[in-house]
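Asks: Predicted model, plus sequence, below.
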Amino acid sequence: MKPKFYITTAISYPNGAPHIGHAYEALATDALARFKRLDGYDVFFLTGADEHGIKMVQTAAREGISAKELSDRNVPKFQAMVEALGCSNDAFIRTSEPRHHKASQEIWRRMAEAGDIYKDTYAGWYSIRDEAYYAEGETELRADGVRYGPQGTPVEWVEEESYFFRLSAFQDRLLAHYRDNPDFIGPAERRNEVVSFVESGLRDLSISRTTFDWGVKVPDDPRHVMYVWVDALTNYLTGVGYPDDATQFGRYWPADLHVIGKDIVRFHAVYWPAFLMSAGLPLPKRVFAHGFLFNRGEKMSKSVGNVVDPFDLIAAYGADQVRYFFLREVPFGQDGNYSVDGIVTRINADLANDLGNLAQRSLSMIARNCGGVVPNAGALKGEDEIILAAARGLLDACRPAMESQQIHQALAAIWAVIADANRYFAGQAPWELRKTDPQRMETVLYVTAEVVRIFAVLVQPVMPGAASRLLDLLAQPADRRDFAALATPLAAGTTLPPPQGVFPRIETETAKPA
RNA sequence: GGCGGGGUAGCUCAGCGGUAGAGCAGGGGAAUCAUAAUCCCUUGGUCGGGGGUUCAAAUCCCUCCCCCGCUACCA
């Protein structure tokens, strides 16, 4: 039986349309999931939408519709985005689903049974108009003697009945967990932040609200709905069958990797493990936080008008290209920059010129000079052995990079060998050999086609569509495309289809400004 | 304020004690199999400022300047 690998994105908050940050997380997680699948794992990849919470209620109220209506309008956009990106998620969860309410209530009951939930009063500055509490620092006392919230609405001191989670009791256990599992949080700088936060002391967490009813009802006390993060985090359990499908849940839980944005590290690295400890459930193996994307160095915001619509980007450049760009250009875990120049350069230099053209020039020569059939390798020379060994060694370089979510490093390693392959091809000059030593030309063309095959197999997690077309050009059957097939070299005598460009060049005139 | 991370070529970054590196951009050349792609050569940096340790410092220590993240309940 294959080893399992359960990987998730954070669930998106559908109070607006998807933006490039949502797309980035989904495409990166998809690349990691696909890599594991090709590497022989039984992968379960979950993504979805986090529909509850006060923000949904507020946004819906402004538009004069219900939170449910708002969600039903926006969630399909997220599903469409995931599909347009070519993501291979096994499920798309919505937290409004009955099965999810059931799962959330179940974990709540278990935390309550463990004695970690108690009822008390929550006090804070409350805006009736916003239907929201604000921290003291978010409010200001103006000259008129009235205190106002961040939305400019008056706030008043309110005390509300609330359930609390005994987070303070978990400080030592959390710190011990971070210490014993140094890979629990990545990248390392995020772990440092979490550790110093927990070391500074934990306060109990208010985990229910009575001011609105859009959410999961607290068991046996339906006046309360759960604080949105309690139910949002539980999606990771619901997605693999908790609590009813013990077989699926037993198979996939605990998650091997939660991929999240750096803004929600605390919820995943402090609250979530504490909830699970309380409920007596195993903890996820790892939480990895990616960075934010900036448009030409500026934070994307609606007011600046530099928000990038993922659908526009995909339409302009193609899903594979967009995926490659972000994964190659931005060190995963760090913030990154997006610009039209950057994406056009990457696509043209790396995809069209380096990889695409290498495939095209070698396959064209095979089509023209070898009757469109994979030629015989003949006796290999040192140069041939060197480039073959470099390509064949790539999986061993990519695997540790992908396992530590250093996707950019895996791609850099692959492209370094692609550059070597171009040097090899130019150095061997098979177009000269055609006249002087046709036998040798065949060997060079064979070796080049073989390394192109290896590149195509390895590049599938990042560019599933283009890689698949490249493998089509190499007449590779469906069962010869996973990493195990890397060891099965191209068979001489195989008839190849006529070569076609897989990575078109982007002419700057047609490049779409963003 | 506290804790943490950074400031290296025009841009993005690697190097973290032993004669300054990569990719992209710029300049010159070769080749013509190929998506005018490829290959070779090359311009370019007082490695944030100052001080110190050392035979030797981007690399260690001190100090100053600047940038960023975290510093609890919007998601």
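Replies: Yep, it's here. Everything numeric here is computed off the predicted structure, so don't read it as measured data.

Asks: and the residue of the stretch 1-150 of chain A nearest RNA strand B?
Replies: residue A:13 (3.1 Å; Cβ to the nearest atom of the strand). For glycine as for every other residue, the C-beta is placed from the backbone atoms N, C-alpha and C.

Asks: what's the answer for the stretch 251-400 of chain A, then?
Replies: Using Cβ to the nearest atom of the strand, residue A:356 is the residue of the stretch 251-400 of chain A that sits closest to RNA strand B, at 2.2 Å.

Asks: Just give the nearest non-adjacent residue to that residue, would you?
Replies: Spatially, and ignoring its direct neighbours in sequence, residue A:356 is nearest to residue A:503 (3.4 Å; Cβ to Cβ, 6 or more residues apart in numbering).

Asks: And the one you found, how far from RNA strand B?
Replies: Residue A:503 sits 4 Å away from RNA strand B, going by Cβ to the nearest atom of the strand, to the nearest Å.

Asks: follow-up on the earlier one: okay, now the residue of the stretch 1-150 of chain A closest to RNA strand B: neighbour count?
Replies: Neighbourhood size, residue A:13 [other Cβ atoms under 10 Å]: 20.

Asks: Over to residue A:386?
Replies: So residue A:386, with other Cβ under 10 Å, has 13 neighbours.

Asks: Show the backbone phi and psi for residue A:405.
Replies: phi 60, psi 20 (degrees, to the nearest 10).

Asks: helix/strand/coil for the closest residue to it other than its chain neighbours?
Replies: Computed as Cβ to Cβ, 6+ apart, the closest residue to residue A:405 that is not its neighbour in sequence is residue A:288, at 4.8 Å. In three-state terms, and counting by DSSP: H, G, I helix; E, B strand; the rest coil, residue A:288 is strand.

Asks: Across the sheet, point out what pairs with residue A:288.
Replies: For residue A:288, the beta-bridge partners are residue A:186, residue A:259 (DSSP bridges).

Asks: How about the contacts made by it?
Replies: A:185, A:186, A:187, A:257, A:258, A:259, A:260, A:333, A:405 (Cβ atoms under 8 Å, 6 or more residues apart in numbering).

Asks: who touches the residue nearest to residue A:356 in this structure?
Replies: Residue A:503 touches A:321, A:347, A:351, A:352, A:355, A:356, A:466, counting by Cβ under 8 Å, 6+ apart.

Asks: how about a cut-off of 6 Å?
Replies: Going by Cβ atoms under 6 Å, 6 or more residues apart in numbering, residue A:503 touches A:351, A:352, A:356.

Asks: In strands only, show me those.
Replies: Of those, none are assigned to strands by DSSP state E.

Asks: picking that back up, state the phi and psi torsions of the residue nearest to residue A:356.
Replies: phi -120, psi 90.

Asks: near RNA strand B, which residues of the stretch 101-250 of chain A show up?
Replies: Contact residues (Cβ under 7 Å from any atom of the strand) of the stretch 101-250 of chain A with RNA strand B: A:122, A:124, A:132-133, A:135, A:167-168, A:189, A:192-193, A:196-197, A:200-203, A:205-206, A:227-229, A:232.

Asks: Among those, which ones are in strands?
Replies: Among those, the members found in strands (DSSP E) are A:122, A:124, A:132, A:133, A:205, A:206.

Asks: Roughly how far does residue A:58 sit from residue A:461?
Replies: Note on residue A:58: its distance to residue A:461, by Cβ to Cβ, to the nearest Å, is 39 Å.

Asks: Who has more neighbours out of those two?
Replies: Each of residue A:58 and residue A:461 has its neighbours counted (other Cβ under 10 Å); residue A:461 has more, 27 against 18.

Asks: Could you measure from the more buried one over to RNA strand B?
Replies: Distance from residue A:461 to RNA strand B, by Cβ to the nearest atom of the strand: 19 Å.

Asks: Model confidence at that residue, what's the number?
Replies: With respect to pLDDT, residue A:461 scores 97.

Asks: Tell me if I'm right that it and residue A:36 touch.
Replies: No - counting by Cβ atoms under 6 Å, residue A:461 does not reach residue A:36; the two are 8.5 Å apart.

Asks: Quick one: neighbours of residue A:106, just the number.
Replies: With other Cβ under 10 Å as criterion, residue A:106 counts 18.

Asks: list the contacts for it?
Replies: Contact analysis of residue A:106 by Cβ under 6 Å, 6+ apart lists residue A:243.

Asks: In three-state terms, label it for me.
Replies: helix.

Asks: can you map out the helices along the stretch 101-250 of chain A?
Replies: Ranges of helices in the stretch 101-250 of chain A, per DSSP state H, counting those that start in this stretch, are A:171-180, A:188-199, A:228-238, A:246-252.

Asks: Quick check: buried residues in the shortest one?
Replies: Put plainly, it is helix A:246-252. Residues of helix A:246-252 classed as buried by neighbour count (16 or more other Cβ atoms under 10 Å): A:249, A:252.

Asks: which residues touch it?
Replies: By Cβ under 6 Å, 6+ apart, helix A:246-252 touches A:4, A:6, A:44, A:240, A:241, A:242.

Asks: pLDDT below threshold where in chain A?
Replies: A:129-132, A:136-138, A:150-151, A:296-306, A:508-514 (pLDDT under 70).

Asks: most distant residue from the middle of it?
Replies: Using Cα atoms, centre = their mean, the residue of chain A lying farthest from its centre is residue A:436. It sits 50.9 Å away.
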